[in-house]
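[1] only the shape, not the letters, is given here:
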Ligand SMILES: O=P(O)(O)OC[C@H]1O[C@@H](O)[C@H](O)[C@@H](O)[C@@H]1O
């Protein structure tokens, strides 16, 4: 059982002498979110609405994600900021028979997920971090075709039996989010998946993005033109909305990392597992102006979306099969 957020903290996090201190996991008083804190001070908050990570802080309390001051956290809208989960469609797909009736970015981010439980470094014995004795906490969330919190738009327009497990794993220097989308029905379905991460930066004009050299991308601010990333690292100097498909290095299983640097100093490394695309998005002035839930209006200077996903093609998930993908953001 998780503890209530307002319950006084025990004087020490390690109740068993000899065992390393454990992470604490609490529910907010209004049951809207789960808060996890490592004994080393890092923390993460996940809103059940959308299983949206809305805060990730390092040990000094420094926030790593951007969240709009006007973000709706009451379940009335997808959250503007943090890490919304995009499923089963990225954007809208008016010509795709299975998802054409769904709203932009699907229904995962507008459904209320269930908290399935936590595991800490003690129980997550196969976790790399625990092997090196680093504290770690993993929070699991679930959403299925039978969930009471499923956005009604899913029942109306996506008649498949599915089960999603979304896991958020916090280590002292990284955050991993992973998804397993299982087809529980008798019919196959096609889906897209994306983790819409809003990274916090100090000044977007000082940011450089590395790791996408020679990658093809669809430029959504240039009528979907297909281009190649020639200049690397590259900077953001206006509205940017690109869907990259970085080439995999021959003989290398892992997808290449994308690094975000600021003022010449590497800040975040984003690695992907089975997610072959990276969307890079910044709305800049006019688009930010046009979004009612985007505040402050110059907040685009403080954020950069680097969004690992499987969105360039449809992922066919046969009956009984599952699609799995993950991202890890490491603090550099
Ligand atoms: O406003 P939304 O639905 O959260 O989408 C924000 C942005 O999300 C990005 O992933 C898309 O590439 C953009 O085209 C879109 O504008």
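    Done, it's in. Only a predicted model underlies this, so the values are computations on that prediction, with no experimental measurement involved.

[2] which intervals of this protein have sub-threshold pLDDT?
    1-20, 122-132 (pLDDT under 70).

[3] ok, now with 90
    Confidence mapping of the chain against pLDDT under 90 gives the ranges 1-22, 120-134, 231-232, 247-256.

[4] residues contacting the residue nearest to residue 79 when sequence neighbours are not counted?
    Nearest non-adjacent residue to residue 79, counting by Cβ to Cβ, 6 or more residues apart in numbering: residue 52, 4.5 Å away. All C-beta spots, glycine's among them, are computed from the backbone N, C-alpha and C. By Cβ atoms under 8 Å, 6 or more residues apart in numbering, the contact list for residue 52 reads 46, 78-79, 82-85, 109.

[5] pretty sure residue 35 is touching residue 47, no?
    No: in this structure, residue 35 is not within contact of residue 47 by Cβ atoms under 8 Å, at 10.3 Å.

[6] higher neighbour count, the two?
    Relative neighbour count places residue 47 above the other of residue 35 and residue 47, with 23 against 18, counting by other Cβ atoms under 10 Å.

[7] surely that one and residue 32 touch.
    Yes: look at residue 47 against residue 32 with Cβ under 8 Å: they come within range, at 6.1 Å.

[8] between the two, which contacts overlap?
    Contacts common to residue 47 and residue 32, judged by Cβ under 8 Å, 6+ apart, are residue 73.

[9] at which residues are the helices of the protein located?
    Counting by DSSP state H, the chain has helices at residues 128-131, 152-157, 284-290.

[10] format the ones you listed as JSON lines; extra columns: mean neighbour count and distance to residue 186.
    Output for the helices of the chain, formatted as JSON lines (neighbours: other Cβ atoms under 10 Å; distance: least, Cβ to Cβ, whole Å):
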{"stretch": "helix 128-131", "mean neighbour count": "15", "distance to residue 186": "37"}
{"stretch": "helix 152-157", "mean neighbour count": "14", "distance to residue 186": "18"}
{"stretch": "helix 284-290", "mean neighbour count": "14", "distance to residue 186": "42"}
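
[11] closest to the ligand out of those?
    Nearest to the ligand, of all the helices of the chain, is helix 284-290, at 7.0 Å by Cβ to the nearest ligand atom.

[12] which residues are contacting that closest one?
    Contacts of helix 284-290 (Cβ under 8 Å, 6+ apart): 238-240, 294, 297-300.

[13] list the contacts of the closest residue to residue 190 other than its chain neighbours.
    Spatial nearest neighbour of residue 190, excluding adjacent residues (Cβ to Cβ, 6+ apart): residue 314 at 3.9 Å. Residues near residue 314 by Cβ under 8 Å, 6+ apart: 96, 190-192.

[14] ok, now residue 80?
    Residue 80 makes contact with 67-68, 70-72, 291, 293-294, according to Cβ under 8 Å, 6+ apart.

[15] from residue 179, how far off is it?
    21 Å (Cβ to Cβ, to the nearest Å).

[16] can you list the residues of the chain near the ligand?
    By Cβ under 6 Å from any ligand atom, the residues of the chain that approach the ligand are 78, 104-105, 196, 220, 241, 279, 281, 307.
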